[in-house]
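Asks: have a look at this prediction, sequence included:
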2 protein chains.
Amino acid sequence: MRDVAALAAVSLKTVSRVVNREDGVSPELRARVEEAVQLIGYRPNLTASSLRRSDRKTQAIGLLLEDVANPFSSALHRAVEDVAAARSCLVFAGSSDEDAAKEGELLRAFAHRRVDGLIVIPAGDDPSGLADERRQGRPIVFVDRRATLHDADSVTVDNRAGVARAVRHLAGFRHRRIAFLADLSSIWTATERYQGFVDGLLESQIPLDPRLVRRDVHGIGPARDAILELLHGPDPPTAIVAGQNLITIGAIRALQALRRQREVALIGFDDFVLADLLDPPVTVVAQDPGELGRVAAELLFARLEGGPGEPRHVVVETTLVERGSGEIQPG
Amino acid sequence: MRDVAALAAVSLKTVSRVVNREDGVSPELRARVEEAVQLIGYRPNLTASSLRRSDRKTQAIGLLLEDVANPFSSALHRAVEDVAAARSCLVFAGSSDEDAAKEGELLRAFAHRRVDGLIVIPAGDDPSGLADERRQGRPIVFVDRRATLHDADSVTVDNRAGVARAVRHLAGFRHRRIAFLADLSSIWTATERYQGFVDGLLESQIPLDPRLVRRDVHGIGPARDAILELLHGPDPPTAIVAGQNLITIGAIRALQALRRQREVALIGFDDFVLADLLDPPVTVVAQDPGELGRVAAELLFARLEGGPGEPRHVVVETTLVERGSGEIQPG
DNA sequence: GTTGCTGCTGACAACGTTGTCCAGAAGGCC
DNA sequence: GGCCTTCTGGACAACGTTGTCAGCAGCAAC
């Protein structure tokens, strides 16, 4: 910047004014400075700028996901990136792996770099690290899971209604013995979806049979085993609701292993690629991770521009995508 | 920091020394400062620190992907994140969508924030923006595609050998009419894979029939249409090699639509989830995006620590995963 | 000619940190 | 006691920017 000022024979401040498009610079000087900028290949230093600037904005936000490689997280990530890019803001992404320690470490790293705001899928455990951030006055938006910090903005999916809808759908096909597999109870969405299962049974006037419910099922292998056990037991289910992505995959593997995928109905929560190419194509309750990310980012930027105010909680609806596996009648 | 110094009744510099674990501070003072840090909840400001520091490191790197939501990119992203995290470095991720303009914009945004280095999947077009970065002395590692900048490090997949292997595999099952679908010729990997196809035919002593080759096929729909056309034409292929992920999906859709998925052999390039649950399970040439990312990140950090030197080009091997669709014999 | 206004420009300090350098205390030796 | 060395701690400037304010033209009005 000094070199640019010297070359254009103006002061540092004038260069700053031209670079930041402030007015009050004569067209003649402006042109001279711009030429010098081109010639030298000057790049403004945003870290120095944010240090000095009065609003102290770094034009960067932190995005804390479960795992950047997981399709749900990465679709959300992309939507956040797009909203941020429109405001020339960059995104630091990090994976917590549902681990409170990693979560804390990443939050600290974000804070050290003075990000303007945070979008967080909170790990199941204690969010004390998050409270710390809020004390520092950094806006946070929680996504996918309602946070224990009730004064922060959040965007969640209507898990409960989605699962209830799936149960009613199966009941509509005359299923009475419907099994439900839920993820770890420490995960907010897992318990919400279980509530939805209970709601759906109630609405369909089917009594809840605890033997058809498996909770704290985590990952493909355990899901597969749980389904095999249910189907081999007495009074097996005629339909299955899988409470999470990997559980759905585990269920498919179990059904294929027994060659009963055309007899036992299956509805999965959360859509996945190629669900329509399987045999039978898999009916799912689809979430819209892109919409989740988009809304979260917009809430965050509204907060950044608008300042404090009542926390907003947005709930995004789900869609039941009928593909075949959920429309199988009991044998 | 001023408050901490005041509370501990020491100078700013002493606080700085404690925070940065420099020696030459008495244990007594150190304890007093640490207590004050805790009490005040002081967070060092990394942007100010990197500004003043002599090495000028921001502890952040830029990662330019095709699309953070695409499984290949996001698996690579995760691996980069893990390597970076081990060095308490954060990752700015961005999606170019194969668009040179977006690529340039992101590179500029990275440069403005003075990232320590860049890992880039270069978009097909002109990499002039990239040369700019290099002039600024910022280390760059190219991933997945060999860059036109030959003096930069790169990590690529052995596309050519992978496809040749697939062709020989099909030839081993007595296929003589093997079709090949390639992505846009502007993408380096697409032309490499086409070369591999030619190599494979040559090695198997099968003459190249141009009517069985479709290049510049981009996305699921066009791939599906191309396959339908090939299969409806005279002298249709008995086996298909799909040169890219989405092309494989398109091919599966076409074969399923014609109910010929058990007659026509198929090998896809790049693995995908659930490939083993399809009917028939899909044989693929698997890349290891995680390995690609890990190696790229390690090259970058080696460069950051070691300074300039001969550019290194690492090539990662592929694996042929036999699942069924590639082991179908011609009818 | 003086005053007051407006429009443009530059000098200077400051953002939060660290590198450099120097001062003062403590300890050992003659 | 005087001198040298070692260790500890602080004063100060600087990193690359921007906010504040003052100065200096040029012009109109008296």
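Replies: Looks like it came in fine.
Asks: hey, let's count contacts and neighbours off CA atoms from now on
Replies: Fine.
Asks: what does stretch A:60-67 rub up against?
Replies: Defining contact as Cα atoms under 8 Å, 6 or more residues apart in numbering or on different chains, one finds that stretch A:60-67 is touched by A:73-74, A:77, A:89-98, A:103, A:106-107, A:110, A:115-123, B:78.
Asks: what about these, which are in strands?
Replies: Among the contacts of stretch A:60-67, the residues falling in strands (DSSP state E) are A:90-95, A:117-120.
Asks: okay, these in JSON lines with distance to chain B next?
Replies: JSON lines is the format used below for the ones in strands among the contacts of stretch A:60-67 (distance: Cα to the nearest Cα, whole Å):
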{"residue": "A:90", "distance to chain B": "7"}
{"residue": "A:91", "distance to chain B": "6"}
{"residue": "A:92", "distance to chain B": "5"}
{"residue": "A:93", "distance to chain B": "7"}
{"residue": "A:94", "distance to chain B": "7"}
{"residue": "A:95", "distance to chain B": "8"}
{"residue": "A:117", "distance to chain B": "15"}
{"residue": "A:118", "distance to chain B": "14"}
{"residue": "A:119", "distance to chain B": "15"}
{"residue": "A:120", "distance to chain B": "16"}
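Asks: for ChimeraX, write the selection for the buried entries among those.
Replies: Buried subset of these, written as a ChimeraX selection, criterion 16 or more other Cα atoms under 10 Å in any protein chain shown:
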select /A:90,91,92,93,94,95,117,118,119,120
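Asks: now, which of the ones in strands among the contacts of stretch A:60-67 sits nearest DNA strand D?
Replies: residue A:90 (17.3 Å; Cα to the nearest atom of the strand).
Asks: can you name the element that comes right after the lowest-mean-pLDDT helix or strand in chain A?
Replies: Lowest mean confidence among the helices and strands of chain A (mean pLDDT, DSSP states H and E): helix A:128-135, at a mean of 69. Counting by DSSP states H and E, the element after helix A:128-135 in chain order, helix or strand, is strand A:140-143.
Asks: which strands or helices does the following helix or strand past that next one pack on?
Replies: Next helix or strand after strand A:140-143 toward the C-terminus (DSSP H and E): strand A:153-157. On a contact count with 3 or more Cα pairs under 8 Å, 6 or more residues apart in numbering or on different chains; DSSP states H and E, strand A:153-157 meets strand A:140-143, helix A:289-306, strand A:313-316.
Asks: show me what residue of the stretch 151-300 of chain A gets nearest to DNA strand D.
Replies: Relative to DNA strand D, the nearest point of the stretch 151-300 of chain A is residue A:300 (22.0 Å; Cα to the nearest atom of the strand).
Asks: and that residue, how many neighbours?
Replies: For residue A:300, the neighbour count with other Cα atoms under 10 Å in any protein chain shown is 24.
Asks: and for residue A:80?
Replies: Neighbour count for residue A:80, taken as other Cα under 10 Å: 25.
Asks: cool, residue A:254 as well?
Replies: Residue A:254: 23 neighbours (other Cα under 10 Å).
Asks: swap in residue A:207?
Replies: The number of residues packed near residue A:207 is 11, by other Cα under 10 Å.
Asks: what about it, which SS state?
Replies: coil (DSSP: H, G, I helix; E, B strand; the rest coil).
Asks: how about the residues of chain A by DNA strand C?
Replies: Within reach of DNA strand C by Cα under 7 Å from any atom of the strand, chain A has these residues: A:9-14, A:23-26, A:28-29, A:48, A:51-53.
Asks: check pLDDT for the residues you listed and point me to the minimum.
Replies: Lowest pLDDT among the residues of chain A next to DNA strand C: residue A:24, with 80.
Asks: residue contacts, that one?
Replies: No contacts exist for residue A:24 under Cα under 8 Å, 6+ apart.
Asks: grab the nearest non-local neighbour of residue A:245.
Replies: Of all residues not flanking residue A:245 in the chain, residue A:270 sits nearest, at 5.7 Å (Cα to Cα, 6 or more residues apart in numbering or on different chains).
Asks: touching, that neighbour and residue A:289? I think so.
Replies: No - using Cα atoms under 8 Å, residue A:270 is not in contact with residue A:289, being 9.4 Å away.
Asks: any idea how far residue A:18 is from the residue nearest to residue A:88 when sequence neighbours are not counted?
Replies: With sequence-adjacent residues excluded and distances taken as Cα to Cα, 6+ apart, residue A:88 is closest to residue A:59, at 6.9 Å. As for residue A:59, its distance to residue A:18 is 20 Å (criterion: Cα to Cα, to the nearest Å).
Asks: with residue A:140 instead?
Replies: Taking Cα to Cα, one finds residue A:140 at 34 Å from residue A:18.
Asks: neighbour count: the two, which is higher?
Replies: The neighbour comparison of residue A:140 against residue A:18 (other Cα under 10 Å) goes to residue A:140, with 27 against 21.
Asks: wait, isn't residue A:15 in contact with residue A:1?
Replies: Yes - with contact defined as Cα under 8 Å, residue A:15 counts as touching residue A:1 (7.3 Å).
Asks: okay, those two: which has more neighbours?
Replies: Between residue A:15 and residue A:1, counted using other Cα under 10 Å, residue A:15 has the larger neighbour count: 25 against 19.
Asks: what helix or strand does residue A:170 sit in?
Replies: According to DSSP H and E, residue A:170 maps onto helix A:159-172.
Asks: flag every buried residue along that helix.
Replies: Within helix A:159-172, the residues that count as buried by 16+ other Cα under 10 Å are A:159-171.
Asks: same check, this time on stretch A:213-230
Replies: In terms of neighbour count (16+ other Cα under 10 Å), stretch A:213-230 has its buried residues at A:213-228, A:230.
Asks: where are the low-confidence patches of chain A?
Replies: Applying pLDDT under 70 to chain A flags the ranges A:124-130, A:148-149.
Asks: just so I have it, where are all the helices in it?
Replies: With helices called from DSSP state H, chain A shows them at A:2-8, A:12-19, A:27-40, A:46-52, A:71-85, A:100-112, A:128-135, A:159-172, A:188-203, A:220-232, A:245-258, A:289-306.
Asks: just checking, residue A:198 touches residue A:163?
Replies: No - Residue A:198 is beyond contact range of residue A:163, at 9.0 Å (criterion: Cα under 8 Å).
Asks: shared neighbours of these two, anything?
Replies: With Cα under 8 Å, 6+ apart, residue A:198 and residue A:163 have no common neighbours.
Asks: surely the residue of the stretch 151-300 of chain A closest to DNA strand D and residue A:141 touch.
Replies: Yes - contact criterion Cα under 8 Å: residue A:300 and residue A:141 qualify, at 6.1 Å.
Asks: give the residues shared as contacts by the two.
Replies: A:118-119.
Asks: and stretch A:8-28, which residues are buried?
Replies: Residues of stretch A:8-28 classed as buried: A:8, A:14-16, A:18 (neighbour count, 16+ other Cα under 10 Å).
Asks: what's around residue A:31, how many residues?
Replies: Neighbour count of residue A:31, defined by other Cα under 10 Å: 14.
Asks: could you pull up the contacting residues of it?
Replies: With Cα under 8 Å, 6+ apart, residue A:31 has no contacts at all.
Asks: what of residue A:91?
Replies: Neighbours of residue A:91 in contact, by Cα under 8 Å, 6+ apart: A:60-63, A:81, A:84, B:92-94.
Asks: residues of the stretch 151-300 of chain A that sit close to chain B?
Replies: Residues of the stretch 151-300 of chain A found near chain B (Cα under 8 Å from any Cα of the partner chain) are A:253, A:274, A:277-279.
Asks: between the residues of chain A next to DNA strand C, which sits nearest residue B:182?
Replies: Distance to residue B:182 across the residues of chain A next to DNA strand C (Cα to Cα) is lowest for residue A:48, with 46.6 Å.
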